[in-house]
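Sequence and predicted structure, then a few things I'm wondering about:
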Amino acid sequence: MKWLELFTVAGATLLSAVTVVVLYALGVRLTAIAGDIRNSPASWTRPLAYACFAVCGVAVLFGLYLIIPYFHK
Amino acid sequence: MVALVISLALFFDFTNGFHDTANAMATPIATGAIKPKTAVALAAVLNLVGAFLSTEVAKTVSGGIIKEGTDGVQITPDIIFAGLMGAILWNMITWLKGLPSSSSHALFGGLIGAAIAGIGIHSINFESLMQKVILPAVFAPIIAGGVAYLCTRLAYALTSRHDPETGDKLTQKRGGFRTGQIFTSSLVALAHGTNDAQKTMGIITLVLISAGTQPAGSDPQWWVITACALAIAIGTYAGGWRIIRTMGSGLTEVKPAQGFAAEASTASAILASSHLGFALSTTQVASGSVIGSGMGRRGTTVRWGTAGRIAIGWLFTLPAAGIVGALTAMLVQTGVIGVVIAAVAGTAAVAYMFVHSRKSHVGHHNAVQIEEVGQAVQFRKKKSLAKAIKNGSAKR
């Protein structure tokens, strides 16, 4: 049985999904803070939110790289 | 016979497409991230593109579950015909019941049944069966469900906003997750196209090789690639709305952050499994993710009755498809008349199920009830919000 492969897959799934979700959630939260009008938000929140989304974008590109066989042969 | 097998393989590809639309598109439809019809169209296009991206054909039909090859048994078009029949009928039955179930496991089941009836029990590699079908079926939902549970908890913890002084809940503004859902579900759809259309291409190419019309070890011909790509795309566009309903609202209610967490887990699990050497079924991963994310969000319940029905469906996938495959294989062995009887009976069964399905029509209009259709990706701009508040205070 390929237990090692099974654990690798489980670990990789956990790591990548948690990374993407945490970054995206941070992005959503920072966007929300930047959109607040009552207590004026710090100026760095919006750029940081965009940075989070950008890293998620990179993750999507990496997904594309994995899906399309042309890139990794 | 070759023509019959090819048309059956293409029909299997079609059922595969509509059976698996739900894996990618059920949650974005349920949260209103994408409108139902747009979602299936997007999935169809991505499946079409995916089918053209990856045309490398596997060396064996069954991936080693049946002892194929030079020192094993010869899989004849008869066996493939019987296997496909079992897989298609099982796909149709599960669709009618709205159960997400793995199309490739149905195909394995049909082939195994056909091989046992047509060749004998010695043709099955049980260790490979254990490793490629049974263990993944147990672990796919556990891995995906666990990861999705954790991701959902994290997503909600990170975006929950309270007023620092009063401790009141602020507006949470989690709508942004809908935008993310479009990307994650698209990845799932594309990955599906590259994997599953390729299986049918492999079957057709191996049949053509065994019929002697194509040299062994050659790539699929352009018309095979095109036909498979179109079959899976049309199937996807037809949309298995019954299964979308089950996945999108039958198992649990899905909210944007939760849907995003579920899909991120699905996409990660599929990509990890296809590149790290332990194949997991897309359907089982996606169902596990939805259940896990439902457990992770507070204030929602998972309908375990539905989950149980799905699990029973998975349990029956191999034996049920296998029995149909075995019966068909026995019929086919009797000669031309048997083939005709099998083909007619199969067509009649599919037609009956289709007619039966019309009695309670489930389509894009009623698959999932959504509260806020069309608000998908619109954020209220700061200015207009400020204006709204100013107006509000002016009135007061």
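Received, thanks.

which residues of chain A fall in helices?
A:3-34, A:45-67 (DSSP state H).

Of those helices, which is nearest chain B?
helix A:3-34 (3.9 Å; CB to the nearest CB). Backbone N, C-alpha and C define where each C-beta goes, glycine included.

Any residue of that closest one touching chain B?
Yes - with CB under 8 Å from any CB of the partner chain as the criterion, chain B is reached by helix A:3-34 at A:5-6, A:8-10, A:12-14, A:16-18, A:20-22, A:24-29, A:31-33.

Tell me how far that helix lies from the chain's centre.
Centroid displacement of helix A:3-34 relative to its chain, using CA atoms, centre = their mean, to the nearest Å, is 6 Å.

just to revisit the earlier point, any chance of the helices of chain A in CSV, plus mean pLDDT, distance to B:R242 and mean neighbour count?
CSV is the format used below for the helices of chain A (pLDDT from 0 to 100; distance: least, CB to CB, whole Å; neighbours: other CB atoms under 10 Å in any protein chain shown):
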stretch, mean pLDDT, distance to B:R242, mean neighbour count
helix A:3-34, 89, 28, 20
helix A:45-67, 88, 28, 16
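
So which bits of the strand or helix carrying B:R358 are buried?
B:R358 is part of helix B:336-359, with elements assigned from DSSP states H and E. Going by neighbour count (16 or more other CB atoms under 10 Å in any protein chain shown), the buried part of helix B:336-359 is B:338-339, B:342-343, B:346, B:349-350.

Just give me the closest of these to chain A.
B:V350 (31.6 Å).

Nearest spatial neighbour of A:A10, chain-adjacent residues omitted?
Nearest residue to A:A10, sequence neighbours excluded (CB to CB, 6 or more residues apart in numbering or on different chains): B:I143, at 4.7 Å.

What's the local residue count around the one you found?
Close neighbours of B:I143, defined as other CB atoms under 10 Å in any protein chain shown, add up to 30.

Quick one: residues contacting it.
A:9-10, A:13, B:269, B:280, B:285, B:288 (CB atoms under 8 Å, 6 or more residues apart in numbering or on different chains).

just B:F183 next, same as before
By CB under 8 Å, 6+ apart, B:F183 lies in contact with A:56, A:60.

In three-state terms, label it for me.
Classification of B:F183 using DSSP: H, G, I helix; E, B strand; the rest coil returns helix.

pLDDT value on it, please?
We have a pLDDT of 90 for B:F183.

picking that back up, redo the contacts of B:I143 as JSON lines? Include distance to B:N23.
Formatted as JSON lines, the contacts of B:I143 follow (distance: CB to CB, whole Å):
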{"residue": "A:V9", "distance to B:N23": "18"}
{"residue": "A:A10", "distance to B:N23": "19"}
{"residue": "A:T13", "distance to B:N23": "15"}
{"residue": "B:A269", "distance to B:N23": "11"}
{"residue": "B:L280", "distance to B:N23": "12"}
{"residue": "B:V285", "distance to B:N23": "8"}
{"residue": "B:G288", "distance to B:N23": "11"}
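
which residues are contacting the helix holding B:R358?
B:1, B:4, B:81-82, B:85, B:88-89, B:92-93, B:95-96, B:242, B:328, B:330-332.

hmm, 7 Å instead?
Helix B:336-359 has contacts (CB atoms under 7 Å, 6 or more residues apart in numbering or on different chains) with B:1, B:4, B:85, B:88-89, B:92-93, B:96, B:328, B:331-332.

related to what we said a few turns ago, who wins for proximity to B:I65 among the helices of chain A?
helix A:3-34 (17.3 Å; CB to CB).

now the closest one and helix A:45-67, what's the angle there?
150 degrees (axes from the mean of the first three to the mean of the last three CA atoms, to 10 degrees).

So which elements touch helix A:3-34?
helix A:45-67, helix B:135-159, helix B:176-210, helix B:256-275 (3 or more CB pairs under 7 Å, 6 or more residues apart in numbering or on different chains; DSSP states H and E).

residues in contact with the spatially most central residue of chain A?
Most central in chain A under CA atoms, centre = their mean is A:V20, positioned 2.6 Å from the mean C-alpha point. Counting by CB under 7 Å, 6+ apart, A:V20 touches A:56, A:59, B:264.

thinking the first one is in contact with A:V22, fair?
Right, A:C56. No - the criterion here is CB atoms under 7 Å, and A:C56 misses it with A:V22 at 9.9 Å.

if we can go back for a sec, now tabulate the buried residues of helix B:336-359 in a markdown table and tack on distance to B:E68.
Below are the buried residues of helix B:336-359 laid out as a markdown table (distance: CB to CB, whole Å):
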| residue | distance to B:E68 |
| --- | --- |
| B:G338 | 24 |
| B:V339 | 22 |
| B:A342 | 22 |
| B:A343 | 25 |
| B:G346 | 24 |
| B:A349 | 28 |
| B:V350 | 28 |
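
Closest to A:L66 out of those residues?
Distances from A:L66 to these, taken by CB to CB, are shortest for B:V350, at 35.7 Å.

Next one: the closest one, what pLDDT does it get?
In this model, B:V350 carries a pLDDT of 84.
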